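# Task: produce atomic coordinates for the following.
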Amino acid sequence: MSSPSRAASTPLIPELEDLRRQFQAIRKDAEALTSGMSDQQFNWRPAPGRWSIAECFHHLVRSGERDLDAISGGIERGRAEGLLSQGPFRHGFLGTWFAGSVEPPAKIRLKAPKNIAPASDHTVSTLTPTLLAIQDRLIQALSKANGLDLARIKVASPVPLLKLDLTQRFSLVAGHERRHLYQAKQVKSAM
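Numbering: from 1, shown residues only. Here you go, the predicted model:
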């Protein structure tokens, strides 16, 4: 069995490399979106009941922490059980469809659960680096997942009773982040 540090230094398999590029692009987009932005602009809402850019970011931080817990648990379990493979992997239809269903623009709008609903009134200088750190941790998790059987390791999804494999869970996170960055961009263009 390869050690986690060895897995981190090995080049990522193509499936994980693609996800790494996605998280790096999300990180870059989030930085660009808030560059030069005041706290007032960051917290501005386009209409009552609509989220500000700050609320979009706070939601992504709260959901990102939850997602990282699920992903990290799956990675640790996969290593402990010796579920290793370099692929190629076959992913189930339902999980792949679900991960793709959150891509922007939103086709279905759902109310955020209370445990990941955003709070308002944040500073750009505090919340943006926190979101960027989530991206860095997701990229680190990709390295830790490298060499594992991504299709056999199942983790909880935000939907009760639906389990996703590791690739699907990472893809769900990336799609969800793009969805709320798209929403934040719409807010910025409405200013």
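# Skip ahead from the longest helix seen in the chain and say which helix or strand is next.
Identified as the longest helix of the chain according to DSSP state H is helix 53-80. Next in sequence after helix 53-80, counting helices and strands by DSSP states H and E, comes helix 93-101.
# in the helix or strand following that following helix, what counts as buried?
Note on helix 93-101: by DSSP H and E, the next helix or strand toward the C-terminus is helix 124-145. Residues of helix 124-145 classed as buried: 124, 127-128, 131-132, 134-135, 137-139, 141-145 (neighbour count, 16 or more other CB atoms under 10 Å). C-beta coordinates here come from the backbone N, C-alpha and C atoms, glycine included.
# likewise stretch 23-36?
23, 26, 27, 29, 30, 33, 34.
# picking up where we left off before, tell me the helices and strands packed up against the longest helix of the chain.
In terms of contacts (3 or more CB pairs under 8 Å, 6 or more residues apart in numbering; DSSP states H and E), helix 53-80 is packed against helix 14-34, helix 39-43, helix 124-145, strand 154-156, helix 166-190.
# Show me the one of these that comes nearest residue 63.
helix 166-190 (6.6 Å; CB to CB).
# Point out where the chain drops to low pLDDT.
Filtered on pLDDT under 70, the chain yields the residue ranges 1-9.
# possible to save the buried residues of stretch 23-36 as TSV with distance to residue 172?
Putting the buried residues of stretch 23-36 into TSV (distance: CB to CB, whole Å) gives the following:
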residue	distance to residue 172
23	13
26	13
27	18
29	18
30	18
33	21
34	24
